[in-house]
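Participant: kindly generate the corresponding structure for this input.
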Amino acid sequence: MSTLSELRTETRKLLDDNQYGNSPYRWPDADLNKYLNDAQVEFSSSTRCFLRKITISLSANVAEYPTKDATIRGIVGMPDTVYYTYGSTITRVLYPTTEKILDSSVGPAWRTETFVPANNQTPIQFYLTPALNDSVTPNVMNLGIYRKPSASAGSIIISAPAIPVDVSVDATEMSIPLQYHEALPYGAAYRALLRNQDTQSLTLAAAYKTRYMEFVEIAQKAIGRS
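Facilitator: Next comes the predicted model:
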């Protein structure tokens, strides 16, 4: 188990920041917590290591939906699976398209087309679009539906790589898989050292970033993103 507190301690060791627990620290807990969470966001975005299943309830005449919930900031990249469900009678696999393809193959009218949720025959597809209002995690995606539902009924179930929300409680384990937690103190330490801007700090920051990126490359190869 690697909790926020434990990884913060490991980060202080890399920074030689009074690792024996006596205050004051050069880097406050809040700063290191932010750097650890930032490292986790970067790691999960770069590797697709944090897979989650989310359910989106459809609303009448709404085509695009945020993919965030209480545990994730949203999905990144193409989902592994997307299903449309309606009650216990309809479950359909949805296949991907893009706005560009729809514009060229259907024309602008595609944005107005609807389907009846209880109808199992009308073709529907999904597309991804950037969540432009998310300045914190700009690579998070919204999910779009072609055609949009004519009534508030049915759900979309997505299994996709995601970005976890920040961990803020010391005793809480970080969200990405345990085998990658070792990377996070290196990702946090290089961010912390960049604050100093002296030659020694910048040299050490570069070394820690290199080590962090080695973990990213290992995860990418293991998950098939190299």
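Participant: break down this structure into its helices, ranges please.
Facilitator: For the chain, the helices defined by DSSP state H cover 4-15, 29-47, 99-105, 183-193, 199-223.
Participant: which one, of the ones you listed, ends up nearest to Ser155?
Facilitator: Nearest to Ser155, of all these, is helix 99-105, at 22.2 Å by Cβ to Cβ. Every residue, glycine included, has its C-beta placed from N, CA and C.
Participant: using CSV, list the CA coordinates for the closest one.
Facilitator: The C-alpha coordinates for helix 99-105 follow below in CSV (Å, rounded to 0.1, in the frame of the first residue of the first chain):
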residue,chain,number,x,y,z
GLU,A,99,-17.5,14.8,-35.9
LYS,A,100,-15.4,15.2,-39.1
ILE,A,101,-16.7,11.9,-40.6
LEU,A,102,-20.3,12.8,-39.7
ASP,A,103,-20.0,16.2,-41.3
SER,A,104,-18.7,14.7,-44.5
SER,A,105,-20.9,11.6,-44.7
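Participant: name the residues linked to the most centrally placed residue in the chain by a beta bridge.
Facilitator: Compute the mean C-alpha point of the chain, and by Cα atoms, centre = their mean the closest residue is Ile163, 1.7 Å away. Beta-bridge partners recorded for Ile163 (DSSP bridges): Gly74.
Participant: change the start of the numbering to 48 and stick with it
Facilitator: From this message on, residue numbering opens at 48, which makes the last subject Ile210.
Participant: quick check: it touching Arg95?
Facilitator: No. Using Cβ atoms under 8 Å, Ile210 is not in contact with Arg95; the gap is 10.6 Å.
Participant: between the two, which contacts overlap?
Facilitator: Val123 (Cβ atoms under 8 Å, 6 or more residues apart in numbering).
Participant: can you pull the pLDDT of the closest residue to Arg120 other than its chain neighbours?
Facilitator: Closest residue in space to Arg120, ignoring its immediate chain neighbours: Ile210 at 4.3 Å, by Cβ to Cβ, 6 or more residues apart in numbering. For Ile210, the pLDDT comes out at 94.
Participant: list the contacts for the residue lying closest to Ser197 once chain neighbours are set aside?
Facilitator: Of all residues not flanking Ser197 in the chain, Thr161 sits nearest, at 4.2 Å (Cβ to Cβ, 6+ apart). Shown in contact with Thr161 (Cβ under 8 Å, 6+ apart): 108, 194-197.
Participant: against Asn65, how distant is Thr161?
Facilitator: Separation of Thr161 from Asn65 (Cβ to Cβ, to the nearest Å) stands at 62 Å.
Participant: partner residues bridging Ser104?
Facilitator: Ser202.
Participant: so what's it up against?
Facilitator: Here Ser104 is in contact with 199, 201-202 (Cβ under 8 Å, 6+ apart).
Participant: highest neighbour count among the residues you listed?
Facilitator: Among those, Gly201 has the most neighbours (other Cβ atoms under 10 Å), with 22 neighbours.
Participant: how much space between that one and Ile192?
Facilitator: Gly201 is 10 Å from Ile192, by Cβ to Cβ.
Participant: next: Glu220.
Facilitator: 35 Å.
Participant: now Thr114
Facilitator: For Thr114, the distance to Ile192 - Cβ to Cβ - is 12 Å.
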